[in-house]
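Visitor: after the sequence you'll find the predicted model.
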Amino acid sequence: MNLNWKKYALLAAALVATPAFASTSFAQEAAAKLAEFAPKMTAQNMADGGQVGEMEKAQQGWMNYVLETASDKPETRAEANKAALEALAGDYPVVTKAWLLHVLQWTADETCVDAIAPFLANEDARLVDAASRALAEIPGDAALKALEKARDAAEGDKKAAFEHFIKSRSVDCSPAVETETIQSLPYVSDAKFAEFMSGFDKLSDDDKARALGALRVRKAKDFVDVAVKALKSESVEVKRAAILALEKIATGKEFDVLYEQMKTFDRGFVADAMKRIPGADFDAAVAAALKKETNGDNAATLADVVSARYLVSEVSSLLDSAKKGDCPIRLQLLTAAERLATKEHIGDFVDAFVAIPAGGDRDRAEQIIARLCEGDATPVIAKMNNANGATIFPLLGRIGGDAAFAQIERGLKSGNAAMIALSVRSLCNWPNAKVASQLLDAAKNGAYPENMRIQALRAYIRVVSLPDDQDAVDMSGADKLAALKDAFKLATRDDERNLALERVGSVRELDSVKFALEHVDNKALQNKALNAVLDLAHQDFLRKKDKDLFTKALDVVLEKGDQGQKDRAGRYKAAMK
């Protein structure tokens, strides 16, 4: 079958059914039009009562604009595609990118495949689904190969979904276009829609999925039972369409069937839908299920849904569970609670934190608490006692601030070896360069054990090389380079010398290039020295300051570097011509 005919036949049907968007001026360039709509294509915000109407107006506005221009203006259609692809590469939220991919189903061609294909491997199921649909509509081998590659790399239901999209490329829908097309269902009268849906059970899986898509657009709550029944389908595509429809029309009554789908079908996909179903009754159903759930994975997913729905009333419940001694999902609960918490809850976070064994989870929990404290460690200090002090004290440095520094300074002067060790460790966690001098003093202190001095030196190298917007002190590039040179001289191991050289690459000064070049002949330091040269050469403004210096430096990389380094050096040299 001719996919071009399929796409543009559907496009024609959609155009017939698409209402005019009165406020749209189609004379504007595509990029400008998308810049107008894209910021408003944001996900529903449960915290302030929802902004679904504004979001859907923006989504529909962009779609109407594209469909209008796609009908008979190929040049503008190409501009619309280009604007959408550039936005997909940008920093927009998932819901915005998913809609842009959805619209590309109507207009994308082979030139779009390379930009769309990476979304097939995205962690977010919505983007995978939207990208698959778009590629399924693009004629030619490139789109087919992208879908086949994704299918071959997938397993289970995901593999089946990709296979479905591959097969859908050979479905001829032209007869439907000539009659009352299923593509126009979102826009027909209520009576015609009801008449069509009365024959839902007799439809093919493809048409069931399309009908459920229309149900979602129309928000036709009278047909919620149809969507619920469709969840029992053996077709992955129909199930996904049913879940997306329920996202718009479900109430608390449908929570249980969706929750079962979350556990047995596609956890992430269903959970994303559950996050966006509006209504206090659905809020209550989610909260009640979380309180009863004993399976760790299910409870963690529900906690994430509670957080995304911004159920502030549940923060205490999340924290109470996180504080239990046998809690298997403590970090997930703290992560969910962070979005809902205020400073009044910091004490509960600390109680949960001390129950976490040393390791990665404790480090991430420290980061959560530090964000909540916003530079004021007072609530954490209030929870310290003899039993938990050794666990909590290093957290003070991560938080920073005057109260934390006073505790650390007292510990450094205590004369107690264990307290001094805790204080140095806490100091090493400091988020900025305000304690650089104290770290350098610790690194030089011969009375401290070697491992403590090394720890302090590495922290010093980190803080003095932070970007200007993070260091919290007035340090010029020359100051930072001088500090790194001091650390390099103080280092007794190549590990720390290499760390200093690595950070030199972030100090954008010509003297940084010269310093790195001094160490390219030392085999133990050569790799980091060459990388530092390349990181500095990446800055166009710096290369322009002294082309001769960079020509010499890049020639050294071309002579001594590995193949990857040589490739980078070649690109930078070419850019200087």
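Guide: Arrived safely.
Visitor: for the stretch 201-350 of the chain, what spans make up the helices?
Guide: In the stretch 201-350 of the chain, the helices defined using DSSP state H, counting those that start in this stretch lie at 205-218, 224-230, 236-249, 255-264, 267-276, 280-292, 296-308, 315-322, 330-338, 346-353.
Visitor: how about a markdown table for those, with mean pLDDT added?
Guide: As requested, the helices of the stretch 201-350 of the chain are arranged in a markdown table below (pLDDT from 0 to 100):
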| stretch | mean pLDDT |
| --- | --- |
| helix 205-218 | 89 |
| helix 224-230 | 96 |
| helix 236-249 | 93 |
| helix 255-264 | 94 |
| helix 267-276 | 92 |
| helix 280-292 | 95 |
| helix 296-308 | 94 |
| helix 315-322 | 93 |
| helix 330-338 | 94 |
| helix 346-353 | 94 |
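Visitor: could you dump the ones you listed to CSV with distance to Phe162?
Guide: All C-beta spots, glycine's among them, are computed from the backbone N, C-alpha and C. Below are the helices of the stretch 201-350 of the chain laid out as CSV (distance: least, Cβ to Cβ, whole Å):
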stretch, distance to Phe162
helix 205-218, 15
helix 224-230, 20
helix 236-249, 9
helix 255-264, 20
helix 267-276, 14
helix 280-292, 31
helix 296-308, 24
helix 315-322, 36
helix 330-338, 29
helix 346-353, 41
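Visitor: ok, which of the ones you listed comes nearest Asp469?
Guide: Asp469 sits nearest to helix 330-338 of all the helices of the stretch 201-350 of the chain, at 23.2 Å, using Cβ to Cβ.
Visitor: angle of that closest one against helix 296-308?
Guide: Counting by axes from the mean of the first three to the mean of the last three Cα atoms, to 10 degrees, helix 330-338 lies at 10 degrees to helix 296-308.
Visitor: quick one: buried residues of helix 330-338?
Guide: Buried residues in helix 330-338, counted by 16 or more other Cβ atoms under 10 Å: Arg330, Leu331, Gln332, Leu333, Leu334, Thr335, Ala336, Ala337, Glu338.
Visitor: also stretch 297-317?
Guide: Buried residues in stretch 297-317, defined by neighbour count with 16+ other Cβ under 10 Å: 298-311, 314-315, 317.
Visitor: likewise stretch 391-409?
Guide: Result for stretch 391-409 [16+ other Cβ under 10 Å]: buried residues 391-401, 403-405, 407-408.
Visitor: from Gln455, how far out is Ala220?
Guide: According to Cβ to Cβ, to the nearest Å, Ala220 stands 63 Å off from Gln455.
Visitor: after the lowest-mean-pLDDT helix or strand in the chain, next one along is what?
Guide: Using mean pLDDT, DSSP states H and E, helix 174-177 stands out as the lowest-scoring helix or strand of the chain, at a mean of 38. Next helix or strand after helix 174-177 toward the C-terminus (DSSP states H and E): helix 190-197.
Visitor: any buried residues in that following helix, and which?
Guide: Going by neighbour count (16+ other Cβ under 10 Å), the buried part of helix 190-197 is Phe193, Phe196, Met197.
Visitor: next, count neighbours for Lys413.
Guide: 11 (other Cβ atoms under 10 Å).
Visitor: typo on my end, Gln367
Guide: 14.
Visitor: if we ignore the residues flanking it in sequence, what's nearest it?
Guide: Closest residue to Gln367 apart from its sequence neighbours, by Cβ to Cβ, 6 or more residues apart in numbering: Arg398 at 7.2 Å.
Visitor: quick one: the residue of the chain most remote from its centre and Phe349, what's the gap?
Guide: Most distant residue from the mean C-alpha position of the chain: Gly415, 46.2 Å away (Cα atoms, centre = their mean). Distance, Gly415 to Phe349, using Cβ to Cβ: 32 Å.
Visitor: any weak-confidence spans in the stretch 51-200 of the chain?
Guide: Residue ranges of the stretch 51-200 of the chain with pLDDT under 70: 51-53, 68-74, 170-183.
Visitor: now with 50, please.
Guide: Low-confidence segments of the stretch 51-200 of the chain (pLDDT under 50): 51-52, 71, 171-180.
Visitor: related to what we said a few turns ago, for the residue farthest from the centre of the chain, give its distance to Ala447.
Guide: Gly415 is 11 Å from Ala447, where distance means Cβ to Cβ.
Visitor: now Val435, nearest residue through space, not along the chain?
Guide: Leu427 (5.7 Å).
Visitor: give the contact list for the one you found.
Guide: Applying Cβ atoms under 8 Å, 6 or more residues apart in numbering to Leu427 gives the contacts Gly397, Ile408, Leu412, Val435, Gln438, Leu439, Ala442, Ala456, Ala459.
Visitor: these in helices, which ones?
Guide: When the contacts of Leu427 are checked against helices (DSSP state H), the matches are Gly397, Ile408, Leu412, Gln438, Leu439, Ala442, Ala456, Ala459.
Visitor: what's the ChimeraX line that selects buried ones from those?
Guide: Listed next is the ChimeraX selection for buried residues among these, using 16+ other Cβ under 10 Å:
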select :397,408,412,438,439,442,456,459
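Visitor: in CSV: the ones in helices among the contacts of Leu427, plus distance to Lys97.
Guide: Listed next are the ones in helices among the contacts of Leu427 as CSV, based on distance: Cβ to Cβ, whole Å:
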residue, distance to Lys97
Gly397, 38
Ile408, 44
Leu412, 50
Gln438, 45
Leu439, 42
Ala442, 47
Ala456, 44
Ala459, 38
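Visitor: out of the ones in helices among the contacts of Leu427, which is nearest to Thr294?
Guide: Among the ones in helices among the contacts of Leu427, Gly397 lies closest to Thr294 (Cβ to Cβ), at 37.4 Å.
Visitor: pretty sure that closest one contacts Arg425?
Guide: Yes. Applying Cβ atoms under 8 Å, one finds Gly397 in contact with Arg425, separated by 7.5 Å.
Visitor: Gly411: neighbour count?
Guide: Residues near Gly411, counting by other Cβ under 10 Å, number 22.
Visitor: same question, Leu372
Guide: By other Cβ under 10 Å, the residues close to Leu372 number 20.
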